[in-house]
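The following comprises the amino acid sequence and a computationally predicted model.
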Amino acid sequence: MKPTLVIFRIGNPGSPYERTRHNVGFIAIDALSSEFGEGDWQDKQKFDAYIQEARVGVVPVLLVKPKTYMNLSGDCVRKVVEFYKLDPAAQIIVLSDDIDIPLGELRLRKKGGPGTHNGLKSIVNIYGEDFTRIRIGLGDPPPGSDLSNWVLSAMAAEEKEVFSKSFEKLPAMIQDFVI
């Protein structure tokens with residue numbers, strides 16, 4: 001299947017990072033997988049990622065979980081984009097966390113800068129700022145906390161609850177984008 005749209009979640013691989021704020025995109029893509037996924041996730045070494053075919057209505061979509069670390073997200077994105085000969089400005093969506101957005105809020109932007117986000121910086125360094133992303137609000141870190149330590153620490157149960165409710169809106173956002 002040649003996808004019309006590819007949705008990437010970016011984060012850090014491995015169990016130490018699984019439940020961290022920086023990996024909230026993992027929960028988001030699993031919500032999309034539940035709604036649109038077809039078949040099992042497959043380990044694709046050529047992309048350095050797990051992939052799953054999906055369908056939004058009649059539109060073929062590929063869901064991608066890069067196995068690269070956050071700051072190397074662009075490597076996986078580049079491999080997939082080049083293999084399928086995609087137009088990043090029109091055919092990819094990146095799911096990423098964002099500390100500048102209130103907790104649980106979702107914002108779809110068709111382009112923009114990476115801010116302090118190293119995963120987005122990695123993709124911007126390859127494709128520029130013209131690609132769609134859904135920014136997932138983490139809210140403000142506690143005063144005086146180290147930003148890196150905070151985003152790489154485990155989410156509280158209350159945060160997980162907020163994200164769970166928030167991600168109920170995600171399939172409709174994707175459908176609206178596709179239409």
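Nice, thanks for sending it over.

tell me the contacts of the closest residue to Leu103 other than its chain neighbours?
Among residues not flanking Leu103 along the chain, Gly139 sits closest, at 3.5 Å (CB to CB, 6 or more residues apart in numbering). (Glycine included, C-beta is placed from N, CA and C.) Gly139 is in contact with Ile99, Ile101, Pro102, Leu103, Gly104, counting by CB atoms under 8 Å, 6 or more residues apart in numbering.

now swap in Val178 and tell me
Taking CB under 8 Å, 6+ apart, one finds Thr4, Leu5, Val56, Gly57, Val59, Val61 in contact with Val178.

Now, the residues you listed that are in strands?
Mapping those onto strands (DSSP state E) picks out Leu5, Val56, Val59, Val61.

re the thing from before, mind putting the contacts of Gly139 in CSV, distance to Leu152, pLDDT and neighbour count included?
What follows is the contacts of Gly139, written out as CSV (distance: CB to CB, whole Å; pLDDT from 0 to 100; neighbours: other CB atoms under 10 Å):
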residue, distance to Leu152, pLDDT, neighbour count
Ile99, 12, 91, 19
Ile101, 18, 93, 16
Pro102, 20, 96, 12
Leu103, 17, 96, 16
Gly104, 19, 96, 19
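
Of these, which is the nearest to Leu120?
Using CB to CB, Ile99 is the member of the contacts of Gly139 that sits closest to Leu120, with 12.2 Å.

Put the alpha carbons of stretch 30-42 into PDB.
Output of stretch 30-42 as PDB, limited to C-alpha atoms (Å, rounded to 0.1, in the frame of the first residue of the first chain):
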ATOM      1  CA  ASP A  30      -2.100   4.100  19.900                       C
ATOM      2  CA  ALA A  31      -5.500   6.000  20.000                       C
ATOM      3  CA  LEU A  32      -5.300   6.400  16.200                       C
ATOM      4  CA  SER A  33      -4.300   2.800  15.800                       C
ATOM      5  CA  SER A  34      -7.400   1.700  17.800                       C
ATOM      6  CA  GLU A  35      -9.600   3.800  15.600                       C
ATOM      7  CA  PHE A  36      -8.100   3.400  12.100                       C
ATOM      8  CA  GLY A  37      -5.400   0.600  12.300                       C
ATOM      9  CA  GLU A  38      -5.600  -2.500  10.100                       C
ATOM     10  CA  GLY A  39      -3.500  -5.500  11.100                       C
ATOM     11  CA  ASP A  40      -0.600  -5.600  13.500                       C
ATOM     12  CA  TRP A  41       2.400  -3.300  14.000                       C
ATOM     13  CA  GLN A  42       5.400  -4.500  11.900                       C
END
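
That's all I had, so thanks and see you.
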